[in-house]
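Trainee: Build me a model from this:
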Amino acid sequence: MKSLVIGGTGQLGANLVRALLEHGHQVRVLHRSSSNTFTIDGLDIERVVGDLNDGESLRRACDGRQVVYQAASYYPSATIPVDVAKGQALKETIFLLEAVRAAGVERLVFTSTLTTVGFPKTVGHPANETCQFSTRYTDNPYLMAKTAMEEKILQSAQLGIPAVVVIPTEFFGPYDQRPSSGTHILMIAKGQMPVYIPGRVNVIDVRDVAVAMIRAAERGRVGERYLVGNWNTTQKDLNELIAQVVGVAPPFFPVPFTLARWGSKVGEWVSRSLLRRPPFLPAFFVEVMAHMQHYDCSKAQRELDYPRSALEGAIEDAVTWFRENRYLSRACGISQSV
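Mentor: Okay, here's the model as predicted:
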């Protein structure tokens, strides 16, 4: 199978590339000229330099590929107007769809985000793929851009694009170079997270997500959404697990969401207006936390039959990778009691 991974240098992409190679695929990776590629260096892959804003580079990358995995869809890095964020998100998505159509790709596996899944009608029940997006924060660029992209992909599937949407929950594991979810681990390991926002969460090993994406290409139904997750838990219990694996004390003090949200807005205003620098924690990111919930992933578990590994191993391997790549000092090693 000839596969293209867009975003192969990121955490999900780097693990997906390795999973594809293990499955015998011929792998091509599209990445920007400015990308740090150390997460895929030394692998037996073909590299193509391009950009999601460059339709021609996307067409070159898709040419001759049977499956395209989009693991690097747009998200805003700062608080910007919603129409700007949605415009950029849709521009990149349309370029991708045009490239997939022109190349005659057999399957597009598009990675969405769990915030596109709405809340269940029955309070306390886990959400599933039938729960449509809704939010109180319609000025949030992340929430609105991500939803616009997924809607565009699903609409295109109805018009003949062989697309499947995979929605991973929060994932942990190695090769998190930015880092993304690994920031959670690093902050606890370094004692930089004395407080937390309580709530529900679902977590999974990133390598299990990678396998689920391959299964989605092989057996996923066109036009379907697949929630790919594993462990429904709470932020408190997740923090305690991370702290136990790392060998440090967990965050002790819960901060109500409303207080955290308004605090982040004040902090963002101070950073931008007085300090003239980007905020440490953009307010839109805190609002995303309100969309974290428990999920019913039985549809994906049944149709994609992906593995569901213990989360301890994902956290251990993430910590080991962070240490080996100097994100963490040796003093922040894994507890030997785990």
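
Trainee: which residues touch the closest residue to P81 other than its chain neighbours?
Mentor: Nearest non-adjacent residue to P81, counting by C-beta to C-beta, 6 or more residues apart in numbering: P141, 7.1 Å away. Quick note: C-beta positions are derived from backbone N, CA and C, even for glycine. Contacts for P141 (C-beta atoms under 8 Å, 6 or more residues apart in numbering) come out as 76, 79-82, 84-86, 284.

Trainee: go on, L96?
Mentor: 6, 52, 58, 68, 70, 108.

Trainee: For the helix or strand hosting V203, the averaged confidence score.
Mentor: Applying DSSP states H and E as the criterion places V203 in strand 200-205. Averaging pLDDT along strand 200-205 yields 98.

Trainee: CA-only coordinates of it in CSV, if you can.
Mentor: Extracted C-alpha coordinates of strand 200-205, given in CSV (Å, rounded to 0.1, in the frame of the first residue of the first chain):
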residue,chain,number,x,y,z
ARG,A,200,-13.9,14.4,32.8
VAL,A,201,-11.5,13.2,30.2
ASN,A,202,-10.8,10.2,28.0
VAL,A,203,-7.2,9.1,27.2
ILE,A,204,-5.4,6.7,24.9
ASP,A,205,-2.0,5.6,23.9
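
Trainee: and after that strand, which helix or strand comes next?
Mentor: helix 206-219.

Trainee: who does the next helix or strand after that following helix pair up with?
Mentor: Later in the chain than helix 206-219, the nearest helix or strand by DSSP H and E is strand 225-228. Taking DSSP bridges as the criterion, strand 225-228 sits next to strand 163-168 (parallel) in its sheet.

Trainee: what sits up against the partner strand?
Mentor: 12, 100, 107-114, 116-117, 129, 150, 153-154, 156-157, 204, 209, 212-213, 216-217, 220-229, 300.

Trainee: Please tell me how far the residue located most distally from the centre of the chain sits from G267.
Mentor: Farthest-out residue of the chain from its mean C-alpha position, per C-alpha atoms, centre = their mean: L274, at 32.3 Å. Distance, L274 to G267, by C-beta to C-beta, to the nearest Å: 11 Å.

Trainee: Quick one: end-to-end length of stretch 18-29, please.
Mentor: 11 Å (C-alpha to C-alpha, to the nearest Å).

Trainee: Next, the buried residues of that stretch.
Mentor: 18-20, 25-29 (16 or more other C-beta atoms under 10 Å).

Trainee: can I get the residues you listed in JSON lines with secondary structure?
Mentor: Below are the buried residues of stretch 18-29 laid out as JSON lines (DSSP: H, G, I helix; E, B strand; the rest coil):
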{"residue": "R18", "secondary structure": "helix"}
{"residue": "A19", "secondary structure": "helix"}
{"residue": "L20", "secondary structure": "helix"}
{"residue": "H25", "secondary structure": "coil"}
{"residue": "Q26", "secondary structure": "strand"}
{"residue": "V27", "secondary structure": "strand"}
{"residue": "R28", "secondary structure": "strand"}
{"residue": "V29", "secondary structure": "strand"}
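
Trainee: what sits against E287?
Mentor: E287 touches 137, 140, 143, 261, counting by C-beta under 8 Å, 6+ apart.

Trainee: out of the residues you listed, who's nearest D44?
Mentor: D44 lies nearest to L143 out of these, by C-beta to C-beta, at 38.6 Å.

Trainee: Start from the N-terminal end of the stretch 1-150 of the chain and give the strands.
Mentor: Listed in chain order, the strands of the stretch 1-150 of the chain (DSSP state E, counting those that start in this stretch) span 2-6, 26-31, 46-49, 67-70, 107-111.
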